[in-house]
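Undergrad: Would you be able to build a 3D model of this:
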Amino acid sequence: MSAPTAPTTAPAGPVATPPAGPERRPRRRGEASRAGSLTSHGLLLLASLIALFPVLWLVFLSLGPDKDDYLHPGRIWSKMTLDNYTFVLQHTNFFDWLKSSLLVSLGTTLIGVLFAATTGYAVSRMRFPGYRKLMWVLLLTQMFPIAVLIVPMYQLLSDLQLIDSYLGLILVYCSTAVPYCAWLLKGYFDTIPFEIDEAGRVDGLSPFGTFFRLILPLAKPGLAVAGFYSFITAFSEVAFASTFMLSDTKYTFAVGLQSFVSEHDAQRNLMAATAVLIAIPVAAFFYLVQKNLVTGLTAGGTKG
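TA: Numbers count the residues shown, from 1 in each chain. All right, here's what the predicted structure looks like:
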């Protein structure tokens, strides 16, 4: 009887492996996909174009030599010129308007931010009788329209002999800028630890010394936002400036633009060129405070 033989198997050949493709990196948590990234970048680009279009259109219209070129903007391409800018700089009170606007805007910024900072710090740190009502009163002052405030303010400035003066207009603008900035800075001061004030008192600093030497340096982002708001408010306001400033040489930019518009005519090309020149100081001021602007806007709303 023969012994059973084990079945023989054919030798195994090389195992076929799938072609190696590019290794896909696993997406991290919170990381956007390629399609999502392209979509978000496309939306941001579209939003940027929408925001820039009015500015670019204004610059384009300022290069047209005729006052009616805005009706036929396609004709500007063949006759672009800088004559509008030359006329505004040489034959108008542009530099007087610039001086007035900077004096009023910077004065409002310095005085307004100082009073708003001290008010916001006092309400944030001190518990005196009526401190809550004080903040509500400041908020209430923002509810009155300008048309209601012009007459009593004019009477007050007239009694103080501050009509047609830079100081009078600065005080008027501070009356609108200080309440809002006080609320803004109060919220920012709430985010600064109270232990810093205690450390200042331990080191022998007075309340004013603690405020100016310890708290204000930490509150630079909030101060930047308050300063930017005060500057823009004073720089672009029209109603108060046109009512309280009577001399042509004391007009601000916003009032000076009205000189290009009469009852039967409007020199829109000169207005466009002046508007472009006006934007330069504002852009420069924004560039100076932009580092602290976003931080101050976000931090001020975390507590309050």
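
Undergrad: list the buried ones in stretch 131-143?
TA: By 16 or more other C-beta atoms under 10 Å, the buried positions in stretch 131-143 come out as 135, 138. No exception for glycine: its C-beta is placed from N, CA and C like everyone else's.

Undergrad: what residue ranges in the protein score low on pLDDT?
TA: Applying pLDDT under 70 to the chain flags the ranges 1-32, 263, 292-304.

Undergrad: now the strands for it?
TA: Counting by DSSP state E, the chain has no strands at all.

Undergrad: Excluding chain neighbours, what is closest to the residue most central in space within the chain?
TA: For the chain, Phe228 is the residue whose C-alpha lies nearest the centre (C-alpha atoms, centre = their mean; 5.7 Å). Sequence neighbours aside, Val289 is the residue nearest to Phe228 in space, at 5.2 Å (criterion: C-beta to C-beta, 6 or more residues apart in numbering).

Undergrad: could you measure that neighbour against Leu205, distance?
TA: Distance from Val289 to Leu205, counting by C-beta to C-beta, to the nearest Å: 28 Å.

Undergrad: what's around the nearest residue to Ser247 once chain neighbours are set aside, how many residues?
TA: Nearest-residue entry for Ser247: Asp164, 5.8 Å, with adjacent residues in sequence omitted and distances by C-beta to C-beta, 6+ apart. Using other C-beta atoms under 10 Å, Asp164 has 13 other residues around it.

Undergrad: looking at it, Asp164 is touching Met245, isn't it?
TA: Yes. Using C-beta atoms under 8 Å, Asp164 is in contact with Met245, at 5.8 Å.

Undergrad: and the residue nearest to Phe228, what does it touch?
TA: Contacts for Val289 (C-beta atoms under 8 Å, 6 or more residues apart in numbering) come out as 224-225, 227-228.

Undergrad: what about the closest residue to Met80 other than its chain neighbours, how many neighbours?
TA: Of all residues not flanking Met80 in the chain, Leu63 sits nearest, at 4.4 Å (C-beta to C-beta, 6+ apart). The tally of other residues near Leu63 (other C-beta under 10 Å) stands at 20.

Undergrad: I figured Leu63 hits Asn84, correct?
TA: Yes. Counting by C-beta under 8 Å, Asn84 is a contact partner of Leu63 at 7.3 Å.

Undergrad: Run the chain-centre distance for stretch 156-170.
TA: The chain centroid and the centroid of stretch 156-170 are separated by 28 Å under C-alpha atoms, centre = their mean, to the nearest Å.

Undergrad: in it, what counts as buried?
TA: So, applying 16+ other C-beta under 10 Å, buried residues of stretch 156-170: 157, 162, 165-166, 168-170.

Undergrad: Okay, and which of those residues map to helices?
TA: Among the buried residues of stretch 156-170, DSSP state H puts 157, 166, 168-170 in helices.

Undergrad: wait, what's in contact with Thr243?
TA: Residues near Thr243 by C-beta under 8 Å, 6+ apart: 150, 154.

Undergrad: before we move on, the earlier item: just the closest of the ones in helices among the buried residues of stretch 156-170 to Val55, please.
TA: Leu169 (27.7 Å; C-beta to C-beta).

Undergrad: That closest one and Met245 touch, don't they?
TA: Yes. If you go by C-beta under 8 Å, Leu169 and Met245 touch, sitting 6.3 Å apart.

Undergrad: With that, I have no additional questions.
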